[in-house]
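Asker: only the shape, not the letters, is given here:
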């Protein structure tokens, strides 16, 4: 009768450890608490069962049977409480009343367990010396036990029907475990009424509660088919490992005694030792064979993804790379959709780049500071919707509620981070499998490899595209620099042409004036007047053209003349003379807010004109952008230039009411090739970089920026004053 002492011992130990372990994982979770109580009730029943079987007297057996019934009384109550907590039904008012009711019945039955109304007597049954006989109340206990156990299973079946993915898988685990456990435990009841059936199913109780515990703790569950298969293989192998030695001992005992005398037991023991040694290898072999058949499709797409991850780094086109990632995952894994978000540093957002989905609209941008992104940055692991949903229900942290809302808004089952040296480059958002099956730990491992390789490939592609863009900008800057070096020669040639035109026009005017037109007809006189007027206009425009050439030449010169004492008006007037050919001065108001007798500053006039040229040019672009973007009624651009002496320095402010700069971009304005202008054709990103060099290095001054998006920008320059 060793089985009836070993099985409750195993049950009691396993259940006690499971209850403590699950409770310790989250002692504030009602789900974990109710599971712990459930384990406690069955563990109490199991240890009482053990001591009952070890009893040597009727009185001792009766006492332990009474304690056993006390544990059994609370099993339906704690099970019902646990299941309704798992499904979320415990929040309903009527279900709360049922929970109180079932605990009330358990407390009513508890004192009856110690009377003859529950256990009438202890009598021999089959091979058992002490077995309880049912009293008149026992049938009501059975009714209570069956009613609330079945009622709890009803909630489980409803959960299986209405849920999907991991949650459905979890409910299936618990339902199968419940069926095994109750079938195993129910084999004890027939003998209470003298029905000769062995209580052989006790050991199933440990398997039952273990499955339930696994389903709570292990959210990323293996597929239920795989779990059942593994369990089946395990049971089959170890039934042989343990069954063959016992069969030999039972059926061949007399024959072995005849050969080995009192040492006959050594043969079954040796067989058990051999089988126990080879058993794990047999189990692993058959498990692999079974899983190869069951997971053939899963392993196929996992191998495809591994191969794809290896080849991604060779793709230089970012768009082609992202399309490939989304295409491979949706086709090979067969999921409802796949989307890729990449980090856009300028806006501090993750922007949707690719989405392979039908009839679904995803958020175009995700803030880098949203709960979902923050969680991924801190944990650097995949996000599973079902896990987050479970944690939202079971834990008090409101952060999980925000993450759940954001994932539900995306329709995401899994979100995978693409990390490179702890930097989150992007997100891979996956929908659910079309087959309805869950994402297994093996799936997530392969996805993580893919996401890691994708991060490297994305960085390579971005670097390649940035390098191309930078090369284009450098080439443009070199062209402009070349034009600058050619300015002297070009201006000389242009001025020669202007001079020639001026001479020709002047000579022709003089010829007309010296010609006697008194005898000419009125028509001829009128024509000569028009020609004279046209020539005068040519002369005027030649002079204006010469001024333009002079301004260009002045702007492109290196400014090696040295430092001198300059007034603010000198700098601003010279700047306006140049900038008027690029911007429309009539489109905005330029206001000078500094005193006429302001002290002079010390600087290089040509270089400072270049500085203020860029300030006004950038402010004008910002004004135009605000006017076209915000379309504010009555809006007019304004540029204010302020200056004052302050502690032996000149503090100059150039303020505009243009579009302004975002906070994250303001820090990068002085970086070469960085531009915020609407069109890349309108800026190379070198202007402010050069300004910074002129102010800080050449003039030993300082430059600061203050800007507010959609409000305006202020540049603050500090320069030395003239002695």
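Answerer: Structure's in. What do you need? Everything quoted here is computed from the prediction, not taken from an experiment.

Asker: from here on, contacts and neighbour counts on C-alpha atoms
Answerer: Noted.

Asker: just the mean pLDDT for stretch 270-283, thanks.
Answerer: Per-residue pLDDT over stretch 270-283 has a mean of 78.

Asker: report the distance from that stretch to the chain centre.
Answerer: 47 Å (CA atoms, centre = their mean, to the nearest Å).

Asker: then stretch 646-666?
Answerer: Relative to its chain's centre, stretch 646-666 lies at 37 Å (CA atoms, centre = their mean).

Asker: got phi/psi on residue 627?
Answerer: Backbone torsions of residue 627, given as degrees, to the nearest 10, read phi -60, psi -40.

Asker: right, and it touches residue 635 too?
Answerer: Yes: with contact defined as CA atoms under 8 Å, residue 627 reaches residue 635; the gap is 7.1 Å.

Asker: higher neighbour count, the two?
Answerer: residue 627 (18 against 12; other CA atoms under 10 Å).

Asker: mind listing what that one touches?
Answerer: When contacts are counted by CA atoms under 8 Å, 6 or more residues apart in numbering, residue 627 touches residue 635.

Asker: ok, it to residue 580 distance?
Answerer: Distance of residue 627 to residue 580, given as CA to CA, to the nearest Å: 20 Å.

Asker: and what of residue 571?
Answerer: 14 Å.

Asker: those two: which is more packed in?
Answerer: residue 571 (21 against 14).

Asker: what are the buried residues along the host helix or strand of that one?
Answerer: Element membership for residue 571, per DSSP states H and E: helix 568-579. For helix 568-579, a neighbour-count test (16 or more other CA atoms under 10 Å) marks 568, 571-572, 574-576, 578-579 as buried.

Asker: lowest-confidence entry in these?
Answerer: Out of the buried residues of helix 568-579, that is residue 578, at 78.

Asker: hmm, back to that, what's the helix holding residue 571 packed up against?
Answerer: Judged by 3 or more CA pairs under 8 Å, 6 or more residues apart in numbering; DSSP states H and E, helix 568-579 is in contact with helix 522-556, helix 605-630.

Asker: make it 7 Å
Answerer: With contacts defined as 3 or more CA pairs under 7 Å, 6 or more residues apart in numbering; DSSP states H and E, the packing partners of helix 568-579 are helix 605-630.

Asker: right, and the helix or strand after the helix it packs on?
Answerer: Next along from helix 605-630, by DSSP H and E: strand 637-646.

Asker: list the helices and strands that following strand packs on?
Answerer: Against strand 637-646 (3+ CA pairs under 7 Å, 6+ apart) you get strand 588-593, strand 649-656.

Asker: redo these as TSV? Include mean pLDDT.
Answerer: Compiled in TSV, the helices and strands packed on strand 637-646 are given as follows (pLDDT from 0 to 100):
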stretch	mean pLDDT
strand 588-593	94
strand 649-656	94
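
Asker: return the most buried member of those.
Answerer: Comparing those by mean neighbour count (mean count of other CA atoms under 10 Å), strand 649-656 comes out on top with a mean of 22.

Asker: how big is the angle separating it from helix 568-579?
Answerer: Orientation of strand 649-656 against helix 568-579 (axes from the mean of the first three to the mean of the last three CA atoms, to 10 degrees) gives an angle of 40 degrees.

Asker: what pairs with strand 649-656, parallel or antiparallel?
Answerer: Note on strand 649-656: by DSSP bridges, its sheet partners are strand 637-646 (antiparallel), strand 712-720 (antiparallel).

Asker: wait, is residue 130 part of a helix?
Answerer: No: counting by DSSP: H, G, I helix; E, B strand; the rest coil, residue 130 is located in no helix; its state is strand.

Asker: that one against residue 62, yeah?
Answerer: No: contact criterion CA atoms under 7 Å: residue 130 and residue 62 do not qualify, at 8.2 Å.

Asker: overlap in contacts of these two?
Answerer: Here residue 130 and residue 62 have residue 122 as joint contacts, going by CA atoms under 7 Å, 6 or more residues apart in numbering.

Asker: out of the strands paired with strand 649-656, which is closest to residue 54?
Answerer: Ranking those by proximity to residue 54 (CA to CA) places strand 712-720 first, at 87.6 Å.

Asker: what angle separates that closest one from helix 605-630?
Answerer: 170 degrees.
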